[in-house]
Structure formats: structure tokens, C-alpha cells
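> Need a 3D model of the following:
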Amino acid sequence: MHVVEGNGARIPVIGLGTWELRGRTCARIVEQALRLGYRHIDTAQIYDNEREVGEGLRASGIKRNDVFVTTKVWTTHFMAKDLERSAKESLARLRLTEVDLLLLHWPNPHVPLAETLGALARVKQAGLARHIGLSNFDVAQIEEAVAACSEPLACDQVEYHPYLGQADVIEACARHGMAFVAYSPIAKGRVKGDRALARIGDRYRKTAAQICLRWLVQQNVSAIPRTSKLERLQENIDIFDFELSDEDMREITAMGSAAAR
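Modelled structure (predicted):
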């Protein structure tokens, strides 16, 4: 299994994002993804689908210890008295005794970060999460979090794709031994119509989305594309039989610089 490492966490490089997946569709997609070979499922309290993610996990028949499950604490539960309770509620919905990774979903300026991170560390120490981390934290917030947390932080999960450069955040994560996890890695489907990516894809007999995901993986980034289509599940994981050239990597990276101008 291909993984990225972050302060002890071994995070599979391709996972299934479940934002906006609901009900039977969510459970079915999770089950099918696991049957196809996915070993990383990402959910969150605010997605309102933790129950269905758990159903899909159980229906797949895959051993619990073989799947890396991530969920995220919503910002309204960042006070110390709320965070542990909300984590236990997530586990009850998932019907798990622990998650592999518990993230703070977004920074919340209304609650002291040290208070939230203290509570997050205690959740890990209590055995409710194997690893803890961040999501949507910028460089300054990563520095503050690392300084304030008594437990190592495994990752920062941030939007990242060819049109949105994140070099500074990737560098900050590397400096602190943290993994970088990319959500919306195919830019909510935008890459599918990209001529430059399609042209590169023709050389490797791959789709634009597969080129984009391969570009992320070759940067030692974990990507969690979301899809509600069964056929896309296979496409998104079928990226380990080729390697992009240095020239192609540079061309795709340059798209982010161009988009920023």
C-alpha cells in the first residue's frame, strides 16, 4: 500500500472524500471503494454522513485495522468541554472504538487554539483517535498549533490542485514532520476539461483527472477525491502503473502560479 507518513501516521496516498455524499449512496460508494482497494476514507461531523460511512465500512467485509478512517471536529465543538463529547458522538455514529485520524476542521478564532489542542491531545491520550491533526490551517496557524500541542500533529488537510498552489503550507508541514493531505484534488471536476492535462494524459493513456492525482502522489501528497459515481472510483485509484516525467510535473505545477497571477 502506498502511504505518506506524518509523525507516526501512515496515511494511504489515495482516499475517498465523502463531502456531500448522503444516505444509501454514501454507504454504497464507501463499500464499493473499499472492495476496489481503497484503504482511506475521509468524513467529518459537518458532512452528516458518519453513520453511513460506518455502514459502508462494515458492509465491505474489510478488516477494520486495514482501513484508515479520518473524521473532523466541527468548529462549534472546539471548547475543551465540548470536544471530547463530540469525538465520542462521532465514534458512536461510525460504530468504531477509535478513528485513525481526528482533525480540527477549520481554525476557530473565537476559541483559544491552546484550549482546543489540549482537548484534542487528551482525546488521543484517551485512545479515541490514533492520530490527530489539522485542516485548513495556514502557515502561521500551523506554527502556532505545533507550539501549543503536547502531542505530535499528523497532517494538515487543505484544498490543493493544479489551479491552487500550496507550496508554503507543504513546506511548513514538511518542516514539522507532518503529512499534507489534499482535498478537492481534481478541483471539483474542473480538471476534466483542461486541455493541457488532457494532452499530457494522451501520452500516458490516462485521463486528466488521473494525471492530476498522479501529480499529487509524486509530491508525496495524499489525495482524497470525492465521487458519487462507481466508475470514477476505479479511475481515481488506477494511477500506480505510470510515472510523470519531471518536465510534466513542472508544467502542471506552473498552472498554480499562472492561476494566482
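> Report the residue spans of this structure with pLDDT below the cut-off.
Applying pLDDT under 70 to the chain picks out residues 257-261.
> all helices of this protein, in order?
23-36, 50-60, 80-94, 113-125, 139-148, 167-175, 195-204, 208-217, 230-237, 246-260 (DSSP state H).
> Quick one: closest of these to residue 14.
When the helices of the chain are ranked by distance to residue 14, counting by C-beta to C-beta, first place goes to helix 230-237 at 5.4 Å. C-beta coordinates here come from the backbone N, C-alpha and C atoms, glycine included.
> what sits up against the closest one?
Contacts of helix 230-237 with the rest of the structure, by C-beta atoms under 8 Å, 6 or more residues apart in numbering, involve 14, 16, 29, 32-33, 36-38, 207, 209-210, 213, 225, 227.
> Centroid-wise, who is the farthest residue in the chain?
Of all residues in the chain, residue 203 sits farthest from the chain's C-alpha centroid, using C-alpha atoms, centre = their mean; the distance is 28.5 Å.
> excluding its backbone neighbours, what's nearest that residue?
Leaving out its chain neighbours, the residue that sits closest to residue 203 by C-beta to C-beta, 6 or more residues apart in numbering is residue 248, at 7.9 Å.
> so that neighbour touches residue 199, yeah?
No. Between residue 248 and residue 199 there is no contact, the gap being 9.9 Å when judged by C-beta atoms under 8 Å.
> the more surrounded of the two?
Neighbour totals were compared for residue 248 and residue 199, and residue 248 leads with 21 against 13 (other C-beta atoms under 10 Å).
> measure residue 44 to residue 29 for me?
Going from residue 44 to residue 29 by C-beta to C-beta, to the nearest Å gives 16 Å.
> what's the answer for residue 125, then?
Here residue 125 is placed at a distance of 33 Å from residue 29 (C-beta to C-beta).
> of those two, who's got more company?
Residue environment comparison for residue 125 versus residue 29 gives the larger neighbour count to residue 29, 25 against 12, counting by other C-beta under 10 Å.
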